[in-house]
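Asks: Just the structure for this:
(one chain, ligands or ions: 2)
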Amino acid sequence: MNPIPRSTAAPVTVTLTGAGGQIGYALLFRIASGQLLGPDVPIRLRMLEIPGGLAAAEGTALELQDSAFPLLHSVEVTDDVTRAFDGTNVALLVGARPRGPGMERGDLLEANGQIFGPQGAAINAGAADDVRVVVVGNPANTNALIASAHAPDVPAERFTALTRLDQNRAVGLLAARLEVPVGSISDLTIWGNHSATQYPDVFHARSGATPIVDLVDERWLSDEFIPRVAKRGAEIIAVRGGSSVASAANATIDHVFDWVNGTGESWTSAAIVSDGSYGVPAGLISSFPVRSVDGAWQIVQGLEINAFSRARIDASVAELIEEQSAVRALGLLPS
Ligand SMILES: NC(=O)C1=CN([C@@H]2O[C@H](COP(=O)(O)OP(=O)(O)OC[C@H]3O[C@@H](n4cnc5c(N)ncnc54)[C@H](O)[C@@H]3O)[C@@H](O)[C@H]2O)C=CC1
Ligand SMILES: O=C([O-])CC(=O)C(=O)O
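Replies: Ligands and ions are numbered 1, 2, ... in the order given. Coordinates of the predicted model:
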């Protein structure tokens, strides 16, 4: 696929949904400063909101103007989904309801799922040929599945869901436990769903040259690390009184930056359409170990999956299959 154009004469169109919301506010200034795509890529911003969110988005647009970002070519706020995605190169689908205390992300399926069909259809109708989509709004994997299903002309691998926040959380927790710099930890993987069933896998991860499994014991992994990463979203809600915002925006920036600019040899995690790798049924949008090469995600192949990992990957994939059946029963997938 073509790389994102680098010419200063050709701005890249970035569409953000939920632009008047919390993550939107944490994202927009970083997008406009060049952190999303790179320091030499001018940006044409489209901010999509529902009517009730337009004033907040308009106010943020004023602040963007007041920031005089040299890379910010133009800003448009709209509640018209067709206009929002017309010619878009990068679509950040954030707009959706967040969960509150005591809810699982899957409880949002019905309320939020309805948002993503029309947005997928608008992307199908009007986005640029090289469009890349990341879904942040929860439940992110299944919302991405819904959007992709409504965009039959867009290759399914362009629809992704965010699990980079889970990856970053896992790296942050490991670094704190091992008292090593976060930058020393590599090749950790989040598998499956962005939910409490996700599986943060350290069996191929290293701190510097040392395998992580030589530094931690299995009981800590299964009783503390894995549930803590998987339930970190709920922990933040309980402590902060609302769901993660700045760390979610940060992970969205990381996901798109790596997708566009490449990862090199080390890998990261993203929920992308399965090609059947690692026994994940083809067509599901599930988190894998991935590298970005020439602007496209590739699943890292050939990793040995032990019985401990297999059971956990299978449990999360089973939940994705259930979510797929649930949205099909709700009529949210085209027949
Ligand atoms: N995948 C991940 O790692 C994470 C996902 N999230 C999810 O991100 C979503 C947004 O979170 P926040 O920004 O904190 O919520 P928020 O409530 O502050 O903002 C959401 C915004 O989306 C807008 N919106 C709703 N429907 C829309 C539509 N059809 N088109 C355009 N805009 C629409 C709302 O008006 C609101 O301004 C939630 O679903 C949350 O659960 C949050 C953290 C991490
Ligand atoms: O937990 C939530 O509801 C928000 C989210 O997805 C996260 O923080 O990972």
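Asks: And the pLDDT for the residue of the stretch 51-200 of the chain found nearest ligand 1?
Replies: Nearest residue of the stretch 51-200 of the chain to ligand 1, counting by Cβ to the nearest ligand atom: residue 95, 2.6 Å away. In this view, the C-beta of every residue, glycine as well, is placed from N, C-alpha and C. Predicted confidence (pLDDT) at residue 95: the value is 98.
Asks: So what sits opposite residue 16 in the bridge?
Replies: Partner residues in beta bridges with residue 16, using DSSP bridges, are residue 47, residue 92.
Asks: circling back: burial count for the residue nearest to the residue of the stretch 51-200 of the chain closest to ligand 1 when sequence neighbours are not counted?
Replies: Distances taken as Cβ to Cβ, 6 or more residues apart in numbering place residue 18 nearest to residue 95, at 2.8 Å, with adjacent residues excluded. With neighbours defined by other Cβ atoms under 10 Å, the count for residue 18 comes to 26.
Asks: Then residue 314?
Replies: Taking other Cβ under 10 Å as the criterion, the count of residues near residue 314 is 18.
Asks: quick one: which helix or strand includes it?
Replies: Per DSSP states H and E: residue 314 is located in helix 307-329.
Asks: So which residues make contact with that helix?
Replies: Outside helix 307-329, the residues within contact range by Cβ atoms under 8 Å, 6 or more residues apart in numbering are 106, 109, 113, 139, 141-142, 145-146, 191-193, 195, 197-199, 201, 203, 218, 222, 226, 278-281, 284-286, 305, 333.
Asks: ok, is the helix or strand residue 114 falls within in contact with ligand 2 or not?
Replies: With elements taken from DSSP H and E, the one containing residue 114 is helix 109-126. No. Taking Cβ under 6 Å from any ligand atom as the criterion, helix 109-126 and ligand 2 are apart, separated by no less than 11.1 Å.
Asks: Could you show which parts of this protein are in contact with ligand 1?
Replies: Counting by Cβ under 6 Å from any ligand atom, the residues of the chain near ligand 1 are 17-18, 20-24, 48-50, 52-53, 94-99, 115, 136-138, 140, 162, 165, 194, 243-245, 248.
Asks: Can you flag the buried ones in those residues?
Replies: Buried residues within these, counting neighbours by 16 or more other Cβ atoms under 10 Å: 17-18, 20-24, 48-49, 53, 94-96, 98-99, 115, 136-138, 140, 162, 165, 194, 243-245, 248.
Asks: which ones are touching the closest residue to ligand 2 within the stretch 151-300 of the chain?
Replies: Scanning the stretch 151-300 of the chain for proximity to ligand 2 using Cβ to the nearest ligand atom identifies residue 233 as nearest, at 2.2 Å. By Cβ under 8 Å, 6+ apart, residue 233 lies in contact with 105, 243-244.
Asks: Run through the residues that contact residue 152.
Replies: Residues near residue 152 by Cβ under 8 Å, 6+ apart: residue 124.
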